[in-house]
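Asker: build me a model from this:
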Amino acid sequence: MNAPDLKEPKGKRDWSEAVSVVARKKPSPAVPDKLYEKSKTVHNQRIDGPFRRFKWAVMVVTLAIYYITPWLRWDRGPYAPDQAVLVDLANRRFYMFGIEIWPHEFYFVAGLLIMAGIGLFLVTSAVGRAWCGYACPQTVWTDVFQHIDRLFDGDRNARIRLDKAPWGPAKIARRTSKWSVYLVISFVTGGAWILYFADAPTLFADFFAGEAAPIAYATVGVLTATTFALGGFMREQVCIYMCPWPRIQTAMLDEKSLIVTYKDWRGEKRGSLKKAAKDPDAYGDCIDCLQCVAVCPTGIDIREGPQIGCITCALCIDACDRVMKDIGRPRGLIDYATLEDCKHEAAGGTPVSPWKTLLRPRTLIYFTIWGGIGGALLFALGVRSHTDLTVSPDRNPPFMLLSDGSVRNAYTLKLRNMESRPRVMEVALGGLPGGVLWTDTIALENAGRSQEIEVPADATRTVRAYVLAPADTDEQGFTFTLTSLDEQRESDTAETRFSTPGGNP
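Answerer: Numbers count the residues shown, from 1 in each chain. Coordinates of the predicted model:
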């Protein structure tokens, strides 16, 4: 197109009129009719293949773990709950099979959360968004609801036709039946969650008898509503718009990360079988059948390159491999591959072994950190003591001066027995020459350097302790030592101070 003539016009027309003429001659850019386009419902097509079967296996395993775990029993003796996995908020305990976590041991939970985060980094740097594609709760429940769709409405084409059909008795009946199943699954999902926080059989019976706590009904209601909405209707919008991980994952990926990739140097130029038969050299392997788009649960076209909507479920690989097999062309047009491997293969090289891709410095560093934290947690769990002592001295008054000149200090002791049986424990003084100890459970006449106290199973006993020292005692530090009087002989020591009138305030 020739450039418009911007010379000053002759005659009576002024410059502004000339500019308007030029503007009319210049083609205007395309302006969209709408600034916002309503998202279309994604109806993915059923597909069978190795990755689809792997998704089935992961879905069955994860759902079985979620729904069955609260009902598993674990014998911890007569003094502790027998639910295998229990978050006992009322008593501030966390039970997982043979492990019991107390509030002061929250570092174990923090360590597990850190391991989960680093594990996610490791998986993403190695195989992209494999977590999103297979094990993420949103993916698992979306997969369940999509299979419910096929059960009631048929496969992809039938669902599309039903969506376009006008509302009538048949469509209303189908939708009502399907949404009722959605609701039942959502309710069971919310109901299973609360069973982790109380004895499952008892809470189950109380819930349907109307005797459960109000928070139980509120929690089930909220989780039912969110599962129904997110898994039944929002689906891919959660993965694309609501979840922050697609935006974070770019920092985890590099040119050596395995991702689902369309090999454009092999597939382009796209054309049908008829066109390729007439001119084989002009067309690539992609026959533009759109099967990769039809099976995608988020509705993207992987041939457009890596994008935020790809959850790396690899269903497009199953679809493309089936098409390649049917038309007699080699598989792998869409495949798990690294960008580095793609460049190498496009230049005529052979594909790199996946093991070489996975065993590289970045993934090994992540795995080393992940394994190191896990090893440290296991070591701490193995050597931890089941006896714990905390000491709090009285601050007001800090001491009592008795008539004979001796000085008495008062302390609050918390004796923690982390065994599932009662234990007799000994509290003894360390240091403080001439000092004697007695508690609110015995008389002053029985004071001595140590006292024996029975602590209930899996409990913390609070005891008031009094320490008496001679009149000439200076302010100084000393210790309380708690020792279990059983075969384990576990002990814990707490340091504190003895206050006197001549000491520092």
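Asker: give me the low-pLDDT residue ranges for the stretch 351-500 of the chain?
Answerer: Counting by pLDDT under 70, the ranges of the stretch 351-500 of the chain that qualify are 351-352, 354, 443-444.
Asker: can you give me the strands in it?
Answerer: 387-393, 400-401, 407-417, 423-430, 436-439, 450-455, 459-469, 476-484, 491-498 (DSSP state E, counting those that start in this stretch).
Asker: make CSV from the ones you listed and add mean neighbour count to it.
Answerer: Every residue, glycine included, has its C-beta placed from N, CA and C. Formatted as CSV, the strands of the stretch 351-500 of the chain follow (neighbours: other C-beta atoms under 10 Å):
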stretch, mean neighbour count
strand 387-393, 18
strand 400-401, 14
strand 407-417, 19
strand 423-430, 18
strand 436-439, 19
strand 450-455, 17
strand 459-469, 17
strand 476-484, 18
strand 491-498, 16
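Asker: could I get those as a markdown table with distance to residue 44?
Answerer: Converted to a markdown table, those look like this (distance: least, C-beta to C-beta, whole Å):
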| stretch | distance to residue 44 |
| --- | --- |
| strand 387-393 | 54 |
| strand 400-401 | 78 |
| strand 407-417 | 54 |
| strand 423-430 | 59 |
| strand 436-439 | 69 |
| strand 450-455 | 59 |
| strand 459-469 | 54 |
| strand 476-484 | 60 |
| strand 491-498 | 58 |
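Asker: residue ranges with poor pLDDT in the chain?
Answerer: 1-38, 351-352, 354, 443-444, 503-505.
Asker: out of the strands of the stretch 351-500 of the chain, which gets nearest to residue 234?
Answerer: Nearest to residue 234 among the strands of the stretch 351-500 of the chain is strand 459-469; the distance by C-beta to C-beta comes to 45.3 Å.
Asker: and the closest one, which strands flank it?
Answerer: Pairing partners of strand 459-469, with direction, according to DSSP bridges: strand 407-417 (antiparallel), strand 436-439 (antiparallel).
Asker: of all the strands of the stretch 351-500 of the chain, which lies closest to residue 115?
Answerer: Among those, the nearest to residue 115 by C-beta to C-beta is strand 387-393 (24.7 Å).
Asker: still on that earlier bit, which one, of the strands of the stretch 351-500 of the chain, ends up nearest to residue 152?
Answerer: For the strands of the stretch 351-500 of the chain, proximity to residue 152 was assessed by C-beta to C-beta; strand 459-469 is nearest, at 53.1 Å.
Asker: what is the longest helix along the chain packed up against?
Answerer: The longest helix of the chain (DSSP state H) is helix 169-194. For helix 169-194, the packing partners by 3 or more C-beta pairs under 8 Å, 6 or more residues apart in numbering; DSSP states H and E come out as helix 50-68, helix 137-153, helix 200-209, helix 214-229.
Asker: how about the strands of the stretch 351-500 of the chain, which one is nearest residue 116?
Answerer: Among the strands of the stretch 351-500 of the chain, strand 387-393 comes nearest to residue 116, with 27.1 Å by C-beta to C-beta.
Asker: returning to what we had before: between the longest helix of the chain and helix 214-229, how many degrees?
Answerer: Put simply, helix 169-194 runs at 140 degrees to helix 214-229, going by axes from the mean of the first three to the mean of the last three C-alpha atoms, to 10 degrees.
Asker: list the buried ones in helix 169-194?
Answerer: For helix 169-194, a neighbour-count test (16 or more other C-beta atoms under 10 Å) marks 178, 181, 182, 185, 186, 187, 189, 190, 191, 192, 193, 194 as buried.
Asker: neighbours around the residue nearest to residue 377 when sequence neighbours are not counted, how many?
Answerer: Leaving aside its chain neighbours, residue 377 sits nearest to residue 111 (4.6 Å; criterion: C-beta to C-beta, 6 or more residues apart in numbering). As a burial measure, residue 111 scores 17 neighbours (other C-beta atoms under 10 Å).
Asker: same question, the one 3 residues further on
Answerer: Using other C-beta under 10 Å as the criterion, residue 114 is surrounded by 16 other residues.
Asker: surely it and residue 372 touch.
Answerer: No: using C-beta atoms under 8 Å, residue 114 is not in contact with residue 372, being 10.8 Å away.
Asker: out of the strands paired with strand 459-469, which is closest to residue 281?
Answerer: Among the strands paired with strand 459-469, strand 407-417 comes nearest to residue 281, with 79.4 Å by C-beta to C-beta.
Asker: starting at the chain centroid, how far to that closest one?
Answerer: Computed by C-alpha atoms, centre = their mean, to the nearest Å, the separation of strand 407-417 from the middle of its chain amounts to 41 Å.
Asker: that one vs strand 387-393, what angle?
Answerer: Going by the same axes, to 10 degrees, strand 407-417 makes 150 degrees with strand 387-393.
Asker: residue ranges of the strands in the stretch 201-350 of the chain, please?
Answerer: 259-262, 334-337.
Asker: contact partners of the first one?
Answerer: Applying C-beta atoms under 8 Å, 6 or more residues apart in numbering, the external contacts of strand 259-262 come out as 127-128, 253, 292, 302-303, 305-306, 310, 312, 314, 316-317, 333-339, 342.
Asker: same question for the last one.
Answerer: Here strand 334-337 makes contact (C-beta under 8 Å, 6+ apart) with 127, 258-263, 292, 302-303, 314, 316-317, 320-321, 345, 351, 354.
Asker: whichever of those end up buried, select them in PyMOL.
Answerer: Of the contacts of strand 334-337, the buried ones can be selected in PyMOL as follows, counting by 16+ other C-beta under 10 Å:
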select buried, resi 127+258+259+260+261+262+263+292+302+303+314+316+317+320+321+345
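Asker: now whatever helix or strand residue 122 lives in: how far from the chain's centre is it?
Answerer: Using DSSP states H and E, residue 122 sits within helix 106-127. Relative to its parent chain, helix 106-127 has a centroid offset of 9 Å by C-alpha atoms, centre = their mean.
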